[in-house]
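J.: sequence? don't have it. structure:
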C-alpha cells in the first residue's frame, strides 16, 4: 500500500516474472529428483521402458492436438485446440472392442472401421468449428461429451476384454528388444514430422497457425487448413484407439478423463521446451513421456491413485499460468 | 460478403432469416413439447409438469451462475465442483459438527466460494484463460472429492434437520420449495444482471474489456466477483441436491456442466444481440429439462438416453451459435 511496502513487493514480482517461464521445468525436475530419491528402482532401465510403453497412447493423441494447435494458433480461446481427441480414441476403441470381442470380426477390418469412425469425429469437429464458427474449445468439449455418450451405447458401459493377438502384440511384443508400441509411436511421430515440417502442405499449415491474416493475404485458405487439421486429429484419435486398447487390454469406461488430462498437460508442457514457447511436435512427444514418467513414478512411490487428478490438475495450472505470465511480461 | 453488392436487399433478407431463426428455437421447443405430449399422455399431466419444473431447479441455478461468467466474457468448467463442494460442506457440517440447518447452508455457500476464489485468483492474478483455469480446477476438484470420500462413495446423513430437508421437499403455500428457490434466484439474477448498473458493467466487461477498463470499471474486481458469485450460486444447487437425497454424492455436479453451457448459449441465441441473458437461460433450462423428462417417459435405455442428450446438446449449441454467426 505505502511506497515502503511496495518496493520489496515489486522485487518479488520481478523475481517471479524472471522465473515464471521456466517454472514448469523446475517443478518437473524437482518432482523427478524426489521420485528418484524416494523410489530406488525409478531410474532403472526396466522402469524407463515401462514409462515409454505407458506413454504411447498419450504421445499419439498429443500429436493430433499439436497439429490442431499448429494450424489454429496457440491462443487458447480463439486459436486451435482439440479436446476431443481422447474421446475420439475411446469411441473408436469401443467400436473396435465391440466388433472384435462381441461380433468376432477380423481385427484388420475392425481397426479400419475404428479409424473411419475417428475421421468422422474429426469431420464433425471441422464442421462445428469452420462451418458453424464455434470456438474450438467449446466445440470439441461439447463433441467429446457426445462421443463418450455414443461409446457408452456401443459398449453398454461395460468393460470389454480384447485378447486379439495384434492388440496383445502392441502391448507385449517387441522388435530387437524395443517394445512394439514404442516403435509404432516413433513411426507415427516421424510421419508427422515429415508431413508438417518437410512438405509444402505442412509448412502452409504452420503459416496459417503462425499468422492467419498473413497467410490469408498470401493466398492460403485458413479455413481449409484448420478443417484439415481437425480431420487429422480425428484420424489420429482413431489410430490411438489401438494403443488405448493395448494399454488397457480392452475397453474400460472412463479412460478418457485421464487421457485428456495427460494430453493437455503434455502438449502445453511441451511448449515450455521450445525456444519461442510455442506448441511443437517434439515438445508434445517429450511432454507426453515426462507426464507418463510422473504417473509411473507416483505409482512406484505408492501415492494414492485418487491424488493423480489433484497433482496433474495443479501441474496444468502451473504450466498455463507460467505461460500466461511470461506472455504478459513480453507484451 | 455478398452484402457489399446490394446492401439494402441482402440486409432485409438477413433480417428476415435472422428473425425466423430466433423464433424458430421456440418453434423447435413447441414441436418437442407436442411430440412428447402425443407420445405419452402422462407428459401433460399436472404432476409431470410440476416434476419438470422441480427437476429443473438445480440446473437453473447452475446455469444462472454460468450466465454471469459467460456474460463477463469467460466460461466456468468448475460449476460441477462448486455444486459438489456446496453439497459436501453442508452435509459434513451437519453430520460431523452438529451444525444447525442455517449454519449448514452457510457452510455450503462457503464451500462454493472457495472454488470461486480459486478461479478468480487464477484468472485475475495469474491471468490464466478462464477455460484452462477452470478446467484445472475441474480436475483438482474431482480428485479432492475422491480423496475425501476414499474413492467416491457417497456420504449420507439420514437424520437431517427437518428445516434442511424442507429445502428439497417442503412447500410454500402449496408451491414446491425447489420451484420457489429457483424462481427467487432467477428474480435476483434478473434484477442484478439485466436491470441494474451493476449488471450493465458485467455485460460491458464481456463485450469490450479494454473499453470497460478505460471507462473506469474495476474489471478485475468485477471478474473476480463474478466467479465467486457464480460458484456460490452453484453451491445453492448443491444444497438442494444434498437435501433432496439426504447425502453428498461425489462428482454428481459434473452432469450439469455441459447442460448449463448449452442453456446459456441457447438463451444467448434468442437475444437480439446474441448476448447471454437471464431469461433466455431460463428458457434454455426449461427446454433441456423438458427433453430429459420426455426421454425418460419414453422409457429409453439409460446409455442411449445419455448419448441422445449429448447429441442434443451439441445440436442445440450448433443451432445457438450458427445464429450468432449469421449476424456478423
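T.: Alright, I've got the coordinates. Note that the structure is predicted; figures quoted are calculated from it, not measured. Numbering: from 1, shown residues only, chains lettered A, B, ... in the order given.

J.: so where's chain A uncertain?
T.: A:1-13, A:16-18, A:20-21, A:75-77, A:330-331 (pLDDT under 70).

J.: quick one: the helices in it?
T.: Using DSSP state H, the helices of chain A run over A:3-19, A:23-38, A:45-72, A:85-97, A:107-126, A:136-155, A:165-172, A:180-198, A:200-210, A:212-217, A:222-248, A:255-271, A:281-301, A:307-330.

J.: is chain B contacted by the last one?
T.: Yes. Applying Cβ under 8 Å from any Cβ of the partner chain, one finds helix A:307-330 touching chain B at A:307-314, A:316-317, A:320-321, A:324-325, A:328. The way it works is simple: take the backbone N, C-alpha and C, and place the C-beta from them, glycine included.

J.: Can you list the buried residues in that helix?
T.: A:308-326 (16 or more other Cβ atoms under 10 Å in any protein chain shown).

J.: Who are the packing partners of that helix?
T.: Packing contacts for helix A:307-330, counted by 3 or more Cβ pairs under 8 Å, 6 or more residues apart in numbering or on different chains; DSSP states H and E, involve helix A:3-19, helix A:23-38, helix A:255-271, helix A:281-301, helix B:130-148.

J.: And the third one, what does it pack against?
T.: Taking 3+ Cβ pairs under 8 Å, 6+ apart as contact, the helices and strands that helix A:255-271 lies on are helix A:45-72, helix A:85-97, helix A:136-155, helix A:222-248, helix A:281-301, helix A:307-330, helix B:130-148.

J.: so who does whichever residue of the stretch 101-250 of chain A sits closest to chain B touch?
T.: Closest residue of the stretch 101-250 of chain A to chain B, Cβ to the nearest Cβ: residue A:149 (3.4 Å). Residue A:149 makes contact with B:303, B:306-311, according to Cβ atoms under 8 Å, 6 or more residues apart in numbering or on different chains.

J.: could you pick out which of those are near chain A?
T.: B:303, B:306-311.

J.: With pLDDT, neighbour count and secondary structure as added columns, please give these in JSON lines.
T.: JSON lines is the format used below for these (pLDDT from 0 to 100; neighbours: other Cβ atoms under 10 Å in any protein chain shown; DSSP: H, G, I helix; E, B strand; the rest coil):
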{"residue": "B:303", "pLDDT": "83", "neighbour count": "18", "secondary structure": "helix"}
{"residue": "B:306", "pLDDT": "80", "neighbour count": "21", "secondary structure": "helix"}
{"residue": "B:307", "pLDDT": "85", "neighbour count": "22", "secondary structure": "helix"}
{"residue": "B:308", "pLDDT": "85", "neighbour count": "20", "secondary structure": "helix"}
{"residue": "B:309", "pLDDT": "80", "neighbour count": "20", "secondary structure": "helix"}
{"residue": "B:310", "pLDDT": "82", "neighbour count": "22", "secondary structure": "helix"}
{"residue": "B:311", "pLDDT": "86", "neighbour count": "17", "secondary structure": "helix"}
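
J.: Closest one of the residues you listed to residue A:98?
T.: Closest approach to residue A:98 among the ones next to chain A among the contacts of residue A:149 (Cβ to Cβ): residue B:303, at 12.7 Å.

J.: Just give the number of residues close to the closest residue to the closest one other than its chain neighbours.
T.: Nearest non-adjacent residue to residue B:303, counting by Cβ to Cβ, 6 or more residues apart in numbering or on different chains: residue A:152, 4.4 Å away. Using other Cβ atoms under 10 Å in any protein chain shown, residue A:152 has 22 neighbouring residues.

J.: check contacts around residue A:152.
T.: Neighbours of residue A:152 in contact, by Cβ under 8 Å, 6+ apart: A:253, B:303, B:306-307.

J.: just residue B:304 next, same as before
T.: For residue B:304, counting by Cβ under 8 Å, 6+ apart, the contacting residues are residue A:153.

J.: Quick check: pLDDT value at it.
T.: pLDDT recorded at residue B:304 is 86.
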